[in-house]
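Student: the following block contains a protein sequence and its predicted model.
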Amino acid sequence: MVHAPLFAGLTLLTLVLLQSMRPRTFGTTAWAIRLAFIAATLFVAGTLVEMLQGMIGRSASVHDAIANGLGILAATAWFAASGLESSVGRRALQLLGAIFIGLTWWGPFTIIRDCLKVDSDFPRIASFETPIEITRWHFNRGRRGRTKSNVTDGEFALKWTPKDAPHPAMTLLEVASDWSEVETLELDIVLNSKQPPADLVQPEQPDRTWELIVKVIDEDHEDYHEDVAKHYVTLRSGEPQHVVFPRQSIINGPKDRELDMTRIKMVSVLIYQPGPDVELVVDHVHATLKQPDAEQKQ
């Protein structure tokens, strides 16, 4: 959100200073060349800064470079508007510049709104009704997207195709932290696997099952294996599972302590050795809250 206004300010400052020191007549070829030269120079400088960040440990961002360019275009439009005599043309260019800045702010505003929904939607944790909800999760292996099959809440569910690896996982990084009133963590899962044709399956071979682990992780965790709460689920292909992780099991999950229900950090879903051609559909990740007793109701 800062990149576009910053480069718009730098561009305007440079153009105004040059115009005051070495004036050029508005609309002339020399004026247009100066405008284009300043815009191009600042855009190249901004792009080089992004590339340099990638070399010194920070992440280079294409989005930031685009925001720089839109900020430069906005300032160029505003500077050109200042030389127009027509009020209609001046306002049109001013509006165009504002639109350029607005384009760079649209994505950040969407993310900010989604971050606010993390707390306001609780005890609903994830229903995947908007594509941006998926960005709350980190997928260390596999492909993901939304689907309309096996939906149990709303119109969409998450479809995750984990990589054939020892223990791929999907981890929710944006979650309401205070679970002091939570009674259960619940979610709906369906595993689909390409099974061999029925005539190729040996009668003595049992159906294949998969082990899924649901983890709740608090701020005090020392590792992601023993110092967390874990709930084990056995899945069979094509059989929907409504998973219920009880409160006391969450609290007693860590090996040598109680999990802090007021400082929840992450929720993770891990599948052990999924094998090839396995797909998980996850929906309606939510918590249920404690019900007040009769005396409290009265």
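Tutor: Cool, got the structure.
Student: so this structure: which segments form each domain?
Tutor: Domain assignment of the chain by automatic domain parsing yields the ranges 3-119, 124-297.
Student: where do the helices sit along this protein?
Tutor: With DSSP state H as the criterion, the chain has helices at 3-21, 29-55, 62-82, 87-120, 247-251, 294-297.
Student: between the longest one and helix 62-82, what angle do the directions make?
Tutor: What it means is helix 87-120. Between helix 87-120 and helix 62-82, the angle comes out at 150 degrees (axes from the mean of the first three to the mean of the last three Cα atoms, to 10 degrees).
Student: how many neighbours does residue 141 have?
Tutor: Residue 141: 17 surrounding residues under other Cβ atoms under 10 Å. (Each C-beta comes from the backbone N, C-alpha and C, glycine too.)
Student: meant to ask about residue 162
Tutor: Neighbours around residue 162, by other Cβ under 10 Å: 24.
Student: quick one, what contacts it?
Tutor: Applying Cβ atoms under 8 Å, 6 or more residues apart in numbering, we find residue 162 in contact with 141, 142, 168, 170, 271, 274, 278, 280.
Student: ok, residue 24 next?
Tutor: Residue 24 neighbours (Cβ under 8 Å, 6+ apart): 30, 31, 34.
Student: show the pLDDT at it.
Tutor: Turning to residue 24, the model gives it a pLDDT of 89.
Student: equivalent analysis for the one 4 residues further on, please.
Tutor: We have a pLDDT of 90 for residue 28.
Student: helix or strand with the lowest mean pLDDT in the protein?
Tutor: Ranked by mean pLDDT, DSSP states H and E, the weakest helix or strand in the chain is helix 294-297, scoring a mean of 46.
Student: quick check on the residue nearest to residue 273 when sequence neighbours are not counted: phi, psi?
Tutor: Residue nearest to residue 273 in three dimensions, not counting chain neighbours: residue 166, with 5.9 Å by Cβ to Cβ, 6 or more residues apart in numbering. Phi and psi for residue 166, reported as degrees, to the nearest 10, are phi -60, psi -50.
Student: pretty sure residue 166 sits against residue 271.
Tutor: No - contact between residue 166 and residue 271 fails when scored by Cβ atoms under 8 Å: they sit 10.0 Å apart.
Student: wait, residue 280 touches residue 190, no?
Tutor: Yes - contact status for residue 280 versus residue 190: in contact at 7.3 Å, counting by Cβ under 8 Å.
Student: what about these two, which has more around it?
Tutor: Neighbours per residue, other Cβ under 10 Å: of residue 280 and residue 190, the larger number sits with residue 280, 26 against 20.
Student: against residue 94, how distant is that one?
Tutor: 51 Å (Cβ to Cβ, to the nearest Å).
Student: over to residue 108?
Tutor: Plainly put, residue 108 is 22 Å away from residue 94 if you go by Cβ to Cβ.
Student: with neighbour numbers in mind, choose between those two.
Tutor: Set residue 108 next to residue 94 and count neighbours by other Cβ under 10 Å: residue 94 wins out with 17 against 13.
Student: so what's that one up against?
Tutor: 77, 78, 81.
Student: over to residue 271?
Tutor: Residues near residue 271 by Cβ under 8 Å, 6+ apart: 162, 167, 168, 169, 210, 211, 212, 213, 278, 280.
Student: can you pull out the strands in the stretch 151-298 of the chain?
Tutor: 157-161, 169-172, 182-193, 209-218, 229-236, 241-246, 264-272, 278-289 (DSSP state E, counting those that start in this stretch).
Student: got JSON lines for those strands, with mean pLDDT and distance to residue 98 too?
Tutor: Output for the strands of the stretch 151-298 of the chain, formatted as JSON lines (pLDDT from 0 to 100; distance: least, Cβ to Cβ, whole Å):
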{"stretch": "strand 157-161", "mean pLDDT": "95", "distance to residue 98": "37"}
{"stretch": "strand 169-172", "mean pLDDT": "95", "distance to residue 98": "36"}
{"stretch": "strand 182-193", "mean pLDDT": "96", "distance to residue 98": "43"}
{"stretch": "strand 209-218", "mean pLDDT": "96", "distance to residue 98": "43"}
{"stretch": "strand 229-236", "mean pLDDT": "96", "distance to residue 98": "49"}
{"stretch": "strand 241-246", "mean pLDDT": "97", "distance to residue 98": "48"}
{"stretch": "strand 264-272", "mean pLDDT": "95", "distance to residue 98": "39"}
{"stretch": "strand 278-289", "mean pLDDT": "96", "distance to residue 98": "39"}
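Student: how about residue 276: what's its closest non-neighbour residue?
Tutor: Spatial nearest neighbour of residue 276, chain neighbours left out: residue 164 (4.8 Å); criterion: Cβ to Cβ, 6+ apart.
Student: got the phi/psi numbers for the one you found?
Tutor: Backbone torsions of residue 164, given as degrees, to the nearest 10, read phi -70, psi 90.
Student: perfect, I'm done here.
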